[in-house]
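# Predicted structure and sequence below. I'll ask about it afterward.
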Number of protein chains: 2
Amino acid sequence: MSKSVEARWRSGLGFSVVSADGGTVELDGDEGTSGYRPTALLLASLAACTGMDVISVLHKKRQTVGRYEVVVSGHRRPDHPRTFDVMTVEHRVSGSDVDSAALVRAIELSATRYCPITAQLAQGDVTIKHRFLIEGASDPREGEVVVTGPHGRGLAPLPS
Amino acid sequence: MSKSVEARWRSGLGFSVVSADGGTVELDGDEGTSGYRPTALLLASLAACTGMDVISVLHKKRQTVGRYEVVVSGHRRPDHPRTFDVMTVEHRVSGSDVDSAALVRAIELSATRYCPITAQLAQGDVTIKHRFLIEGASDPREGEVVVTGPHGRGLAPLPS
């Protein structure tokens, strides 16, 4: 299977990147301008990839989800080309009836089996950590779930 | 240095991902819908990253560029989670006076030194190939430039 995108230079360091699926994203690398930086876009691909897996599994497990956000933060090495050494993925789910075991299992499946972005990155030298927070329950439930990589796809469930 | 993005679930497999720099991108994983797929967004980050490097170097070398597009195609392995094994980056530049040696050097610098996305991916099991095409000259000039990875950052200049 083949995918392709086309980045069209606008001016300065600005590019519009269109995909064959009809998506467009505006990027800029200049200080003070708005728009995605390429490194942030890499984090965005991870956020959406794991997010799609998790919401899909939660729905299969008949969980009623209100809001769901995936916040991905990345830490970069100080030396050029300043690759990421750690990425932290926080899953924030609202829904008083969401079962934390179902959410943990959904995150594990994404991190260790389903998500192609995680699998691609975990071939290299980066650690990917997952956390979750269920809001809207009488007692917010949270915990760490799984750590992936570097150089492979480990699984270390640590529900708190 | 830390970067972060937030993916907000819309409905189905749809997410809007916003960056701290003010960018937004719409993703969808459902068949038949428009919007980026996560794997295409990974290619977009590579396209923009190398594109910014190349246009920046070309300007430092005082090259007058008309249009510039970066087309990135990716081939995925057949087995889940279907990681990319090959990515092909084609640099299309228009400008009758663009020096092909300057363009080749700009691409080499991005692929082997500057681009953090290339460096991150090249830690893993993917081959990244670059090609270029200069349009608008009396004789279009084209060639292969550099092959990166897997498992390291090689350099194989192959101007035709």
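Good, I have the coordinates. Numbering: from 1, shown residues only, chains lettered A, B, ... in the order given.

# Give me the contacts around the strand or helix carrying residue A:121.
Using DSSP states H and E, residue A:121 sits within helix A:116-122. By C-beta atoms under 8 Å, 6 or more residues apart in numbering or on different chains, the residues outside helix A:116-122 that reach it are A:45-46, A:49-50, A:87, A:110-111, A:128, A:148-153, B:38-39, B:42, B:76, B:81-84, B:120-121, B:124, B:126. Glycine gets a C-beta too; all of them are placed from N, C-alpha and C.

# And the next helix or strand past that helix?
Per DSSP H and E, helix A:116-122 leads on to strand A:127-135 as the next helix or strand towards the C-terminus.

# hmm, back to that, ChimeraX command for the buried members of the contacts of helix A:116-122?
Buried residues among the contacts of helix A:116-122 (16 or more other C-beta atoms under 10 Å in any protein chain shown), as a ChimeraX selection:
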select /A:45,46,49,50,87,110,111,128,148,149,150,153 /B:38,39,42,76,81,83,84,120,121,124,126
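
# which ones among the contacts of helix A:116-122 are found in helices?
A:45-46, A:49-50, B:38-39, B:42, B:120-121 (DSSP state H).

# just the residues you listed now: which is nearest residue B:143?
Nearest to residue B:143 among the ones in helices among the contacts of helix A:116-122: residue B:121, at 22.6 Å, using C-beta to C-beta.

# Against residue A:65, how distant is the closest one?
In this view, residue B:121 and residue A:65 are 32 Å apart by C-beta to C-beta, to the nearest Å.

# What of residue A:5?
Applying C-beta to C-beta, the value for residue A:5 to residue A:65 is 30 Å.

# If you count surrounding residues, which of the two has more?
Remark: of residue A:5 and residue A:65, residue A:5 carries more neighbours, 28 against 17, as counted by other C-beta atoms under 10 Å in any protein chain shown.

# Identify the residue nearest the residue nearest to the spatial centre of chain A in space, chain neighbours excluded?
Nearest to the mean C-alpha position of chain A, by C-alpha atoms, centre = their mean, lies residue A:47 at 2.2 Å. With C-beta to C-beta, 6 or more residues apart in numbering or on different chains as the criterion, residue A:47 has its nearest non-adjacent residue at 3.8 Å, and that residue is residue B:7.

# so the one you found, which of the three states?
Secondary structure for residue B:7, judged by DSSP: H, G, I helix; E, B strand; the rest coil, is strand.
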